[in-house]
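>>> Sequence and predicted model, in that order:
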Amino acid sequence: MANDVNNIANVNLEEDGRECNISNIFNPTDEQMNTIIHSLNTLNQVEILNIIGSFNISIDRDTIKKKMELIQYLIYGFKKGMFNERLFNELRSQAFNPDIDSTDGFFFSFEADVPTITKEGLETFLKDWNEVKDDKTIEFLELNNQSATFLVTKHTDKFIFDKESMFSIKYNDEKRAKVEVHFDKSIVYVQTTNTVIYNAIKTIIKEFLQELLDIEKLYITPPKMSKNLSLTFNDDFTAATEENSVHPNTIKLLDILLELDAPSSSFSGFECVNITLDHEDTINRKDAKSKIVSQNYGGGDLLKNKVVKDLILSNRIIYDIEFIIEYNHVDNEGDISKQLVTVGMINDRKSSLRIFIKNSDYNIRNVIKNAYSELTRVFISNYGQSQLRNEDNIKKLLGLS
């Protein structure tokens, strides 16, 4: 490995984009070098190759085949000043802060009359707020049409005992997530895969909103998923049936799901592959989460399965749903391509609504990230509507019209 590394790697040294720049030599400190080694050992080989590939660093795969050989090469390159600090930051971020850019997240809502929010107002408030909060910080990122994005961090001091020095060492344990607060819709999105991080960040956001909006006690709840179907008329419009056999929570969830298959979205080919409903014996709907059974049926779209439709028509609540859908996007050649994504939604009526993509192929990471952004956009847009957007299709799906 100490031989001429340029024989086994080609580094594009152009100054633009994410490529390494020879005029910006990075000489890691001992602490940074330890972090590089730790990051490389935490990431798998495919993840490392995709990260360095995004910096236009290519290697001779005939010479470097194993992960350990790849790690040794990168360590050697960092020590020789071949790579810039941005590569170090990316490796560290992907190894230790994957939640910041995850395709998973939780929604909750809050009850408040919100005035018009301004960028200047948020910046002034957060400057003062962060100065007096020792264990938490909120970094303001952007404001777009009454939707603000923040990077929220919870700091906790923890200790470990070093047997070599025989002293305890204090370190800062961080829980961090990107947060979107949609002030106009009274809904908050926390981007993370971790429920512990979600709950910690939710507590901070509640405190932040209480003080920002000057509310003594702010109530936060799962997203309000409740809509009713309108009357169904006969062909002669001489009689009407009131459709109350479908739970209002399920109606709203179906409206969102059908929105994904609408011509205006970037998705098509919706197919439900797994669904979980509350237990038929649940009397107290508040206890539905603890009394659920999974209804799995093989073949085809489960929402078109008669057994599942009958369960929905018996006032059962959808707690968990998983579906496959095509994401239509423009590829690198400018052509329209379809990427199958597996999406999960957990409708936890005590805590949150969670939306995530299960695909984990790093080679299509950017496509999956874009698909996830579109998913959350569709949900937020539909959630903010006072009327059902797909009522006719809901009735048709359930055989009510």
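On my side now, so go ahead. Everything numeric here is computed off the predicted structure, so don't read it as measured data.
>>> ok now do the residue nearest to residue 265 when sequence neighbours are not counted, which residues does it touch?
Leaving aside its sequence neighbours, residue 265 sits nearest to residue 378 (Cβ to Cβ, 6 or more residues apart in numbering; 5.8 Å). Quick note: C-beta positions are derived from backbone N, CA and C, even for glycine. Shown in contact with residue 378 (Cβ atoms under 8 Å, 6 or more residues apart in numbering): 256, 259, 260, 265, 267.
>>> Now the element after whichever strand or helix holds residue 378, going C-ward?
Under DSSP states H and E, the secondary-structure element containing residue 378 is helix 365-383. Remark: after helix 365-383, the chain's next helix or strand is helix 391-398, criterion DSSP H and E.
>>> Quick one: mean pLDDT over that next one.
Throughout helix 391-398, pLDDT has a mean value of 89.
>>> Work out the gap between it and the centre of the chain.
29 Å (Cα atoms, centre = their mean, to the nearest Å).
>>> Only alpha carbons, please: show that helix as CSV.
What follows is helix 391-398, C-alpha atoms only, in CSV (Å, rounded to 0.1, in the frame of the first residue of the first chain):
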residue,chain,number,x,y,z
GLU,A,391,-63.9,10.5,-2.3
ASP,A,392,-65.3,9.0,-5.5
ASN,A,393,-62.4,6.7,-5.8
ILE,A,394,-62.6,5.7,-2.1
LYS,A,395,-66.3,4.7,-2.6
LYS,A,396,-65.4,2.9,-5.8
LEU,A,397,-62.6,1.0,-4.1
LEU,A,398,-64.8,-0.1,-1.3
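>>> Contacts made by that helix with the rest, please.
Under the contact criterion Cβ under 8 Å, 6+ apart, helix 391-398 has outside partners 229-230, 232, 243, 246, 251, 254-255, 258, 303-304, 309, 312-313, 388, 400-401.
>>> Next, find the distance separating residue 161 from residue 167.
From residue 161 across to residue 167, the span is 8 Å (Cβ to Cβ, to the nearest Å).
>>> which of the contacts of helix 391-398 are buried?
229, 243, 246, 251, 254-255, 258, 303, 309, 312-313, 388, 400 (16 or more other Cβ atoms under 10 Å).
>>> Serialize those to TSV and add fields for secondary structure and distance to residue 88.
Listed next are the buried ones among the contacts of helix 391-398 as TSV, based on DSSP: H, G, I helix; E, B strand; the rest coil; distance: Cβ to Cβ, whole Å:
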residue	secondary structure	distance to residue 88
229	coil	56
243	coil	59
246	coil	54
251	helix	50
254	helix	47
255	helix	46
258	helix	46
303	helix	47
309	helix	54
312	helix	52
313	coil	57
388	coil	50
400	coil	58
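>>> what about residue 387, how many residues close to it?
Using other Cβ atoms under 10 Å as the criterion, residue 387 is surrounded by 8 other residues.
>>> Pull up the gap between it and residue 221, please.
21 Å.
>>> same deal with residue 119?
Distance from residue 119 to residue 221, by Cβ to Cβ: 28 Å.
>>> likewise residue 386?
18 Å.
>>> ok, now residue 384?
Distance, residue 384 to residue 221, using Cβ to Cβ: 16 Å.
>>> again with residue 306
Taking Cβ to Cβ, one finds residue 306 at 34 Å from residue 221.
>>> Same question for residue 388.
Counting by Cβ to Cβ, the gap from residue 388 to residue 221 is 21 Å.
>>> center of this structure, which residue is that?
residue 104 (2.7 Å; Cα atoms, centre = their mean).
>>> quick one: contacts for residue 155?
With Cβ under 8 Å, 6+ apart, residue 155 has these contacts: 134, 135, 136, 137, 172, 173, 174.
>>> try 10 Å
133, 134, 135, 136, 137, 172, 173, 174, 175, 176 (Cβ atoms under 10 Å, 6 or more residues apart in numbering).
>>> In terms of pLDDT, where does it sit?
89.
>>> Residue 271 too?
90.
>>> Would you check that it makes contact with residue 341?
No: look at residue 271 against residue 341 with Cβ atoms under 10 Å: they stay out of range, at 11.5 Å.
>>> Point out where the stretch 51-200 of the chain drops to low pLDDT.
Along the stretch 51-200 of the chain, segments meeting pLDDT under 70 span 98-100.
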